[in-house]
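> I would like to see how this sequence folds:
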Amino acid sequence: MGYGNYSHAAHAALVADRATQSGDEVFTQRGTHPLMNPRGLKVRESRDNADHPNSLAVVFALDVTGSMGDIPRILATRELPTFMKLLTECGVADPQLLFMAIGDATSDSASLQVGQFESTAELMDQWLTWSYLEGGGGGSGEESYELAFYVLAQHTDTDCWAKRKKRGYLFMTGDELPYPAVSRHQIESLIGEKLDEDIPIEEVIAAAAESYHLFFLIPDAQRRRRCEARWRELLGDHVICLDTPDDACAVAAGIVALTERAAPSLDALTKVMAAHGTPPARIATVAHALEAYAELLDPNAPQRVHRSTSGATGPSSWWKKLFG
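Residues are numbered from 1 along each chain as shown. I've put the predicted structure just below:
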């Protein structure tokens, strides 16, 4: 997937048309859309083509439980064009977006929904708004984030990695802990695959990190207190704490631009944002969220201990034992 050209004007108009609509009017699904149902899932592909010769796979895995439905609504009614616009302004070529929706597999009816990689505004928007915002979640303080890592590791195939050894990007939004392992019973129930045993969360992260940069975005300071420490154990400096959920798209685009060196520094990124009319208050909160990550990438920054994303050195023996 991933054919066709992106039009920011078309995307902005599409979003503007629904600016006054309620969440229920934008997200009309009342169950998993058949095309996002992972049962029998084979592979989601991000491919080079004549329109996009240097495709870059980008995945948004959105927590759609009761406490996190604000970010999908913000993306669909205001902010998703911001992501694409900032990437374009920084010179990042050929992003292809895939949306996943994550719930709680112990209690929700739609705990895993998976779209396709797309390049056009209309199709990106289609998969986003086809997501069912179930608004559930369990009471244990955990959600099934580990399922998204499993899908990346086992069910995506990207030309950016296969042809150029360039990792794609995962931006996962959430405010809870992951479960400690991918449950073999849940994988069989949701996807239809049989695993011999559960896969520890560390191992599935390691496998996904082979071909993706993995980031966990926490919406605001209030929500970071209940989950940040555990996620930093798993993803280190790739845990990004936002000042406001409104900044999710701009921060994600900034991460891509900085990592790809399309923006050589945080200062350069903020200048691009200012030159294209981003309000100063938004620039300030985006810069605040990105400050530590930008420092991590800056070879001239004062040295401090950084923990890179778990699994960057390769898949573990556990994963190899299961999948070869």
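> is it true that Met172 touches Tyr212?
No - the pair Met172 and Tyr212 does not pass the contact test of Cβ atoms under 8 Å, sitting 10.5 Å apart. For glycine as for every other residue, the C-beta is placed from the backbone atoms N, C-alpha and C.
> all strands of the stretch 201-324 of the chain, in order?
212-218, 239-241 (DSSP state E, counting those that start in this stretch).
> check the offset of the longest one from the chain's centre.
It refers to strand 212-218. Here the centre of strand 212-218 is set off from its chain's centre by 6 Å, with Cα atoms, centre = their mean, to the nearest Å.
> elements contacting it?
strand 168-173, helix 228-235, strand 239-241, helix 248-259 (3 or more Cβ pairs under 8 Å, 6 or more residues apart in numbering; DSSP states H and E).
> compare the ones you listed and give me the one nearest Asp125.
Evaluated over these, closeness to Asp125 peaks at helix 248-259, with 13.2 Å, by Cβ to Cβ.
> quick check: angle from the longest helix along the chain to strand 212-218?
The single longest helix within the chain, with elements called by DSSP state H, is helix 280-297. If you take axes from the mean of the first three to the mean of the last three Cα atoms, to 10 degrees, helix 280-297 sits at 140 degrees to strand 212-218.
> okay, now the residue lying closest to Ala207 once chain neighbours are set aside: neighbour count?
In space, and not counting its chain neighbours, Ala207 is closest to Ala153: 3.8 Å by Cβ to Cβ, 6 or more residues apart in numbering. Neighbourhood size, Ala153 [other Cβ atoms under 10 Å]: 24.
> list the contacts for Ala153?
Val204, Ala207, Ala208, Glu210, Ser211, Trp319 (Cβ atoms under 8 Å, 6 or more residues apart in numbering).
> residue contacts, the fifth one?
I take that to be Ser211. Leu152, Ala153, Thr156, Thr158, Trp161, Arg167, Gly168.
> what angle do the host helix or strand of the second one and strand 212-218 make?
Counting by DSSP states H and E, the secondary-structure element that holds Ala153 is helix 146-155. Per the same axes, to 10 degrees, the angle that helix 146-155 makes with strand 212-218 is 170 degrees.
> what's the average pLDDT for helix 146-155?
Helix 146-155 carries an average pLDDT of 98.
> also stretch 167-187?
98.
> give me the buried positions along that stretch.
167-179, 181-184, 186-187 (16 or more other Cβ atoms under 10 Å).
> please report phi then psi for the residue nearest to Gly69 when sequence neighbours are not counted.
Leaving aside its sequence neighbours, Gly69 sits nearest to Leu133 (Cβ to Cβ, 6+ apart; 4.9 Å). As for Leu133, its main-chain torsions (degrees, to the nearest 10) stand at phi -90, psi 80.
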